[in-house]
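J.: one predicted model, sequence on top.
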Amino acid sequence: TKMLTGCSGLSQEDAAKGIKEALINGVTKGSDIVSKLDGYYKNPAITIPFPSEAKKVESTLRSIGMGKQADDAILSMNRAAEDAAVGAKDIFIDAVKQMSIQDALSIIKGDTSAATNFLKRTTSTKLTEKFTPVIKTSLDKVNATKYWETAINGYNKIPFISKMNPDLTAYVTQKAMDGLFTMIAKEEGSIRRDPLARTSEILRKVFGGK
């Protein structure tokens, strides 16, 4: 068994076990945070706003007294993301469990976002597949499509403007994933930086002896 240079005589297998343990803890915590009620909506770092191409729609609606329609659309988008995020944890944990020793060593030796980047690379396709139908159902459930259509139709009735009809489900799906990875990156930073976040002796050796 090869020893990992600089990690207190830690074997590669032990180091891989340590990083997997850390990642499972991190993705569990990060996923749980965003999948709770208001996990997106009341977190300024990841709350989902109107699509950038629809900012003009939002400001126009507010200027003509239709602010509630804009607020309803924003709330419903964030509720859909919170619903979808429940399914992320299992996808992340599966990816971590299937991680090779080489992947684990690369993460230990990598920069502060190496683990998050690994998860993006290995889970984004599955997350999109899993999130999309959940978000579509959730948007329908909370009448987001109705709120969105009300907002867009209200905007489109204004004379002399370019009509809009962006794909709300695709937008919310991408933003939900972006927010999720933001929180996973935060957890990764905590594990690397804070000895108290390292939950075992193996992790202390892995990160303390880098």
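T.: Yep, it's here. None of these values were measured; they are calculated from a predicted model. Residues are numbered from 1 along each chain as shown.

J.: go through this structure and flag its longest helix.
T.: Secondary structure of the chain read by DSSP state H shows that its longest helix is helix 114-141.

J.: pLDDT averaged over that helix - what is it?
T.: Here helix 114-141 scores 92 as its mean pLDDT.

J.: report the next helix or strand after that helix in sequence order.
T.: Where DSSP states H and E defines the elements, the next helix or strand beyond helix 114-141 is helix 144-156.

J.: picking that back up, tell me which residues of the longest helix of the chain come out buried.
T.: Across helix 114-141, burial judged by 16 or more other CB atoms under 10 Å covers 114-120, 122-123, 126-127, 130-132, 134-136, 138-139. In short, each C-beta sits where N, CA and C put it, glycine included.

J.: what's around Ala88, how many residues?
T.: Using other CB atoms under 10 Å, Ala88 is surrounded by 26 other residues.

J.: please name the residues that touch it.
T.: Residues near Ala88 by CB atoms under 8 Å, 6 or more residues apart in numbering: 27, 31, 35, 127, 130-131, 180.

J.: so which of these is the closest to Glu187?
T.: Val27 (7.3 Å; CB to CB).

J.: please compute how far whichever strand or helix holds the closest one lies from its chain's middle.
T.: Following DSSP H and E, one finds Val27 within helix 12-35. Distance of helix 12-35 from its chain centroid, counting by CA atoms, centre = their mean, to the nearest Å, is 15 Å.

J.: list the buried residues of that helix.
T.: Judged by neighbour count (16+ other CB under 10 Å), helix 12-35 contains these buried residues: 12, 14-23, 25-27, 29-31, 33-35.

J.: quick one, the following helix or strand past it and helix 144-156 angle?
T.: Going down the chain from helix 12-35, the next helix or strand is helix 55-63, by DSSP H and E. Inter-element angle recorded for helix 55-63 and helix 144-156: 80 degrees (by axes from the mean of the first three to the mean of the last three CA atoms, to 10 degrees).

J.: what's the next secondary structure element after helix 55-63?
T.: helix 67-85.

J.: need the contact partners of that following helix.
T.: 31, 34-41, 47-50, 57-58, 61-62, 130-131, 134-135, 137-139, 142-144, 147-148, 150-151, 154, 168, 171-173, 175-176, 179-180.

J.: what's the mean pLDDT across the helix or strand where Ala95 lies?
T.: Using DSSP H and E, Ala95 maps to helix 88-97. Mean per-residue pLDDT for helix 88-97: 94.
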